[in-house]
Structure formats: C-alpha cells, structure tokens
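Participant: below: sequence and its predicted model.
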Amino acid sequence: MEYDALIIVGILFTIGTYLILTAYFTEMIFGFAILSNAVNLIILLTSGNPTARKVPIIEHHNIAEIVDPVPQALILTAIVIGFGLLSYLVVLAFRLYAKYGEETIQFDKDYPE
C-alpha cells in the first residue's frame with residue numbers, strides 16, 4: 001500500500017515538473033498546483049499510519065502510542081501557502097495576458113515597454 005502511494009507521488013512530481021517547464025503560463029499554474037499536492041502527499045506519508053493511536057492532547061500516553069501532529073500542521077500550512085502562490089500566479093497570468101495579449105513565455109522576443 002505504501003509503495004502505491006510513492007509511485008503516485010513520483011508520477012505527480014513528474015507531471016508537475018513537466019508542466020512547470022512548459023512555455024504556457026496556464027500549464028505552469030497547473031504544474032505548481034500538482035507539485036504542491038505531491039509535496040503534501042509526501043509529508044502525509046512521513047507521518048505513518050494513525051490507526052490504533054491516541055490523541056496527544058487530552059491524556060498522558062506513551063510516546064509510541066500517540067499520533068504525530070507535526071505533519072498535519074505542516075500540510076495545513078503548505079495548503080495555505082500553496083493557495084496564496086496559486087492566487088498570485090493566476091493574477092500574474094491575467095495581467096500578462098491583458099498587457100501582451102498572449103499566454104506564452106518567449107524569452108527571445110522583445111516586448112514594447
């Protein structure tokens with residue numbers, strides 16, 4: 001079961017990296033979204049299996065019996081940061097399309113100021 005999730009993470013990293021390296025800004029935005037979801041999934045995989053573990057807040061338990069809350073907090077923080085980054089990229093894409101009339105990124109073309 002864990003190897004299936006690692007294969008999915010590898011596929012998501014591959015697709016996200018490929019989309020980020022394209023010349024179209026909308027595909028780049030989708031690449032960042034897929035890559036941030038892959039990172040969230042890899043953080044979730046590091047937390048281990050939470051079945052038959054206890055909540056670390058109410059009672060004092062053996063440290064091996066409680067669920068680690070740090071990966072959950074990291075994922076929540078990564079979701080918020082990823083949403084902020086995607087919002088910024090969507091606004092940037094809109095402004096670039098409004099100014100230049102195209103969504104492709106061409107580094108050899110001189111744009112008028």
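Facilitator: Done, it's in.
Participant: separation between the residue nearest the centre of the chain and Lys99?
Facilitator: Taking Cα atoms, centre = their mean, the centroid of the chain lies closest to Ser36, which sits 0.7 Å from it. Look at Ser36 and Lys99: by Cβ to Cβ, to the nearest Å, they are 27 Å apart. C-beta coordinates here come from the backbone N, C-alpha and C atoms, glycine included.
Participant: list the helices and strands the helix or strand harbouring Val80 packs on?
Facilitator: Remark: Val80 resides in helix 70-100, with elements defined by DSSP states H and E. Applying 3 or more Cβ pairs under 8 Å, 6 or more residues apart in numbering; DSSP states H and E, one finds that helix 70-100 contacts helix 25-46.
Participant: if you count neighbours, what's buried in the helix it packs on?
Facilitator: 25, 28-43 (16 or more other Cβ atoms under 10 Å).
Participant: hang on, the earlier thing: buried residues of the helix holding Val80, list them for me.
Facilitator: 71, 74-75, 82, 89, 93, 96.
Participant: tilt between it and helix 25-46?
Facilitator: 180 degrees (axes from the mean of the first three to the mean of the last three Cα atoms, to 10 degrees).
Participant: let me know the closest of the buried residues of helix 70-100 to Arg53.
Facilitator: Minimum distance to Arg53 across those is 13.0 Å, recorded for Pro71 (Cβ to Cβ).
Participant: any idea how far Val70 is from the closest residue to that closest one other than its chain neighbours?
Facilitator: Distance criterion Cβ to Cβ, 6 or more residues apart in numbering; nearest residue to Pro71, sequence neighbours excluded, is Ser47 at 3.7 Å. Per Cβ to Cβ, Ser47 is found 8 Å from Val70.
Participant: give me the low-pLDDT residue ranges for the chain?
Facilitator: Residue ranges of the chain with pLDDT under 70: 1-2, 58-61, 63-64, 106-113.
Participant: go with 80
Facilitator: Residue ranges of the chain with pLDDT under 80: 1-2, 48-67, 103-113.
Participant: for Ala93, give its distance to Ser47.
Facilitator: Taking Cβ to Cβ, one finds Ala93 at 34 Å from Ser47.
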